[in-house]
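>>> sequence and predicted model, in that order:
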Amino acid sequence: MAAAALFHLIPAAHRFALARQVATSLEPLLRRTAQFKQGRGGGLETPHETSLYFVLHALRLAAVPVPVPLRVPDLAVLDAALARGGVLLVAPHVGLCGQLVIWLGARGYRPIIVSSNPSRPRPGTGKIMPGPASMLRVRTALRGGGLVLAMIDRPDRPAASSRRIRRVATAGGDMFVSDGLVRLAMRCGAAILFGSAALDGPDVRVTIRRPSPETTSADATLDEICTFMAAVASRAAVATAT
């Protein structure tokens with residue numbers, strides 16, 4: 001990235017604000033790329049948030065540290081769940097959710113990410129690649145009291161559709177949510193949380209929610225997760241329109 005040298009000259013505390021300015025400037029060009037359209041496939045983040053994700057990713061590849069001002073006001077929800085055992089934290093495919101992974105890894109939570117991305121795990125994190133043994137590895141992690149993070153949505157139905165896919169109508173179009181990991185966590189007795197990340201003023205704000213107390217079945221839990229993800233898309237649509 002040509003601007004990487006400039007970022008190295010900027011004090012670290014100001015790099016995120018500069019990254020947002022660069023994202024704003026590049027957004028008209030990025031909108032034309034297939035990668036941008038794919039990132040916006042579910043309509044779960046604003047165009048500026050998508051552009052910012054690509055800028056931050058490029059800076060990371062250029063080895064430019066960019067401290068992201070992250071606020072996690074619901075951290076007590078996660079801490080309380082982990083105190084009782086394993087936790088599955090599911091989220092939609094929102095680029096800024098990756099900042100939560102970095103934040104948790106830096107603070108000793110040792111999150112394990114379920115991801116098909118072949119890149120090496122971030123410091124302080126682990127990774128489970130989808131495959132024949134992936135569900136077994138997730139089960140082992142949850143039963144061992146670990147924290148597993150997974151993005152369980154996609155903008156299109158897999159070609160080999162299964163009953164483990166839910167269609168969710170959102171302001172950004174239809175999305176499809178896989179229920180396999182949620183059902184596995186229920187069988188393991190692990191806590192299930194759901195969350196997302198979005199720009200909020202000068203910061204990135206992470207939201208973490210737990211199912212309502214009366215929710216005890218996998219289907220009811222998935223209903224709440226799908227409702228939450230639809231709300232994420234609605235927020236993005238409103239923010240984009242204003």
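In hand now; what should we look at?

>>> tell me what the longest strand seen in the chain is packed against?
Determined from DSSP state E, the single longest strand within the chain is strand 191-200. Applying 3 or more C-beta pairs under 8 Å, 6 or more residues apart in numbering; DSSP states H and E, one finds that strand 191-200 contacts helix 47-61, helix 75-84, strand 87-91, helix 97-106, helix 180-188, strand 203-209, helix 218-241. Glycine gets a C-beta too; all of them are placed from N, C-alpha and C.

>>> of all those, which lies closest to residue 149?
Among the helices and strands packed on strand 191-200, the nearest to residue 149 by C-beta to C-beta is strand 87-91 (4.9 Å).

>>> how far does the longest strand of the chain sit from its chain's centre?
The chain centroid and the centroid of strand 191-200 are separated by 7 Å under C-alpha atoms, centre = their mean, to the nearest Å.

>>> what sits up against the helix or strand of the chain with the lowest mean pLDDT?
Scoring the helices and strands of the chain by mean pLDDT, DSSP states H and E places helix 34-39 at the bottom, with a mean of 75. The set of residues external to helix 34-39 that reach it, using C-beta atoms under 8 Å, 6 or more residues apart in numbering, is 30-31, 45, 50-51, 53-54, 95.

>>> tell me how far residue 237 lies from residue 171.
For residue 237, the distance to residue 171 equals 4 Å [C-beta to C-beta, to the nearest Å].

>>> which residues do the two both contact?
Between them, residue 237 and residue 171 share the contacting residues residue 43, judged by C-beta under 8 Å, 6+ apart.

>>> what sits against the spatially most central residue of the chain?
Nearest to the geometric centre of the chain sits residue 97, at 3.3 Å (C-alpha atoms, centre = their mean). Contacts for residue 97 (C-beta under 8 Å, 6+ apart) come out as 91, 151, 195-197, 206.

>>> the same query, at a cut-off of 7 Å, please.
91, 151, 196-197 (C-beta atoms under 7 Å, 6 or more residues apart in numbering).

>>> break the chain down into its domains, please.
4-61, 70-241 (automatic domain parsing).

>>> hey, least reliable of those domains by pLDDT?
Lowest mean pLDDT within these: domain 4-61, a mean of 89.

>>> can you give me the end-to-end distance of that one?
Terminal residues of domain 4-61 lie 10 Å apart, using C-alpha to C-alpha, to the nearest Å.

>>> what's the answer for stretch 94-110, then?
Using C-alpha to C-alpha, the span of stretch 94-110 from its first residue to its last is 20 Å.

>>> got the buried residues for that stretch?
By 16 or more other C-beta atoms under 10 Å, the buried positions in stretch 94-110 come out as 94-105, 109.

>>> next, format these as JSON lines and append distance to residue 187.
Shown next, in JSON lines, are those (distance: C-beta to C-beta, whole Å):
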{"residue": "94", "distance to residue 187": "27"}
{"residue": "95", "distance to residue 187": "31"}
{"residue": "96", "distance to residue 187": "31"}
{"residue": "97", "distance to residue 187": "25"}
{"residue": "98", "distance to residue 187": "28"}
{"residue": "99", "distance to residue 187": "31"}
{"residue": "100", "distance to residue 187": "26"}
{"residue": "101", "distance to residue 187": "25"}
{"residue": "102", "distance to residue 187": "30"}
{"residue": "103", "distance to residue 187": "29"}
{"residue": "104", "distance to residue 187": "25"}
{"residue": "105", "distance to residue 187": "27"}
{"residue": "109", "distance to residue 187": "23"}
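
>>> now, which of these sits nearest residue 132?
Residue 132 lies nearest to residue 101 out of the buried residues of stretch 94-110, by C-beta to C-beta, at 24.5 Å.
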